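S.K.: Could you work out the structure for the sequence below:
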Amino acid sequence: MNKKEKGNEKDNPLTSALLEANSRNIRDVLSRYGLKANLVLGAALCVSLVLNTTMFSYIINTPNKYFATKNGFVLPVVPSNVPGYSDTDVMEFASTVMNKALQLDFVHYEQTMSSQKQYFTTTGYDSFYKALESSGQKDNIINNKLNIRTSISPGSLVTEGLLNDQKTYAWQFRYPVIMQRVGHFDTYKEERYDLFVQVIRVSTDSNPNGIAIAAVVLKPAEA
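M.R.: All right, here's what the predicted structure looks like:
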């Protein structure tokens, strides 16, 4: 009895028609939604391509705004005709460099000078070095085995702005300085000076700091 009913169910035209209709519905659903999925995926790929092309074009055509230094720092690139630093920062920079450059002794004279060379322009360093030679200070320190104790007080801004070439920003500062020569057996009296330092903006290609000392003038303080 059961076998006969199963056979009739299989051979029933209505059942076959329903199965066929159901199969078509499934194929239609898969086809319809599969097409939509493909369309959505294609649209997403097009949008991604446009965005990537735009980003690539932006990167290629945008000037560099940052550079990496040898110490691993990433710093902004600033044109040399604009300050790039505050007056206070530049004044502190010059004070720190000159305080080290003027702590001279007969043993480490050349070493001290060379260690500060990186903070000067080439012309600025050569001028400073030759001034110490021509004034007799270098020979006096080495021949008499002297140490120079230098104390630099907080400075003041004398002037700032573009140099005559209109391409280089510069500052000039004045610092009160006290220097004292000390020997093996003698300690000399303190001497007071006015230290004038010119700092200029330089290319970061040659100097990662973007600033360098261009000129140094040391003269006796006015009474």
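
S.K.: Counting neighbours, what do you get for residue 83?
M.R.: Neighbour count of residue 83, defined by other CB atoms under 10 Å: 18. For every residue, glycine as well, the C-beta is placed using N, CA and C.

S.K.: What pLDDT does the model give it?
M.R.: pLDDT recorded at residue 83 is 92.

S.K.: Check residue 7 too.
M.R.: For residue 7, the model assigns a pLDDT of 47.

S.K.: Return the helix or strand in this structure with minimum mean pLDDT.
M.R.: helix 2-11 (a mean of 47; mean pLDDT, DSSP states H and E).

S.K.: State which strand of this protein is the longest.
M.R.: Looking across the chain with DSSP state E, the single longest strand is strand 169-182.

S.K.: elements contacting that one?
M.R.: helix 87-101, strand 147-152, strand 156-162, strand 191-201 (3 or more CB pairs under 8 Å, 6 or more residues apart in numbering; DSSP states H and E).

S.K.: want to try JSON lines for those, with distance to residue 128 and mean pLDDT as columns?
M.R.: Listed next are the helices and strands packed on strand 169-182 as JSON lines, based on distance: least, CB to CB, whole Å; pLDDT from 0 to 100:
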{"stretch": "helix 87-101", "distance to residue 128": "7", "mean pLDDT": "97"}
{"stretch": "strand 147-152", "distance to residue 128": "14", "mean pLDDT": "96"}
{"stretch": "strand 156-162", "distance to residue 128": "18", "mean pLDDT": "97"}
{"stretch": "strand 191-201", "distance to residue 128": "10", "mean pLDDT": "97"}
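
S.K.: what's the domain layout of this structure?
M.R.: Using automatic domain parsing, the domain ranges for the chain come out as 2-60, 80-220.

S.K.: Verify the contact between residue 214 and residue 170 for me.
M.R.: Yes. If you go by CB atoms under 8 Å, residue 214 and residue 170 touch, sitting 7.1 Å apart.

S.K.: Give me the more crowded residue out of those two.
M.R.: Just comparing residue 214 and residue 170: by other CB under 10 Å the higher neighbour count belongs to residue 214, 24 against 19.

S.K.: Report the angle between the host helix or strand of that one and helix 87-101.
M.R.: Following DSSP states H and E, one finds residue 214 within strand 211-220. Per axes from the mean of the first three to the mean of the last three CA atoms, to 10 degrees, the angle that strand 211-220 makes with helix 87-101 is 60 degrees.

S.K.: for strand 211-220, packing partners?
M.R.: If you count contacts as 3+ CB pairs under 8 Å, 6+ apart, strand 211-220 packs onto helix 87-101, helix 122-134, strand 191-201.

S.K.: Would you mind finding the most buried of these?
M.R.: Across the helices and strands packed on strand 211-220, the average number of neighbours (mean count of other CB atoms under 10 Å) peaks for strand 191-201, which reaches a mean of 20.

S.K.: Give the partner strands of it in its sheet and their orientations.
M.R.: strand 169-182 (antiparallel), strand 211-220 (antiparallel) (DSSP bridges).

S.K.: Which positions in the longest strand of the chain come out as buried?
M.R.: 169, 170, 171, 172, 173, 174, 175, 177, 179, 181 (16 or more other CB atoms under 10 Å).

S.K.: per-residue confidence for the fourth one?
M.R.: Residue 172 carries a pLDDT score of 98 in this model.
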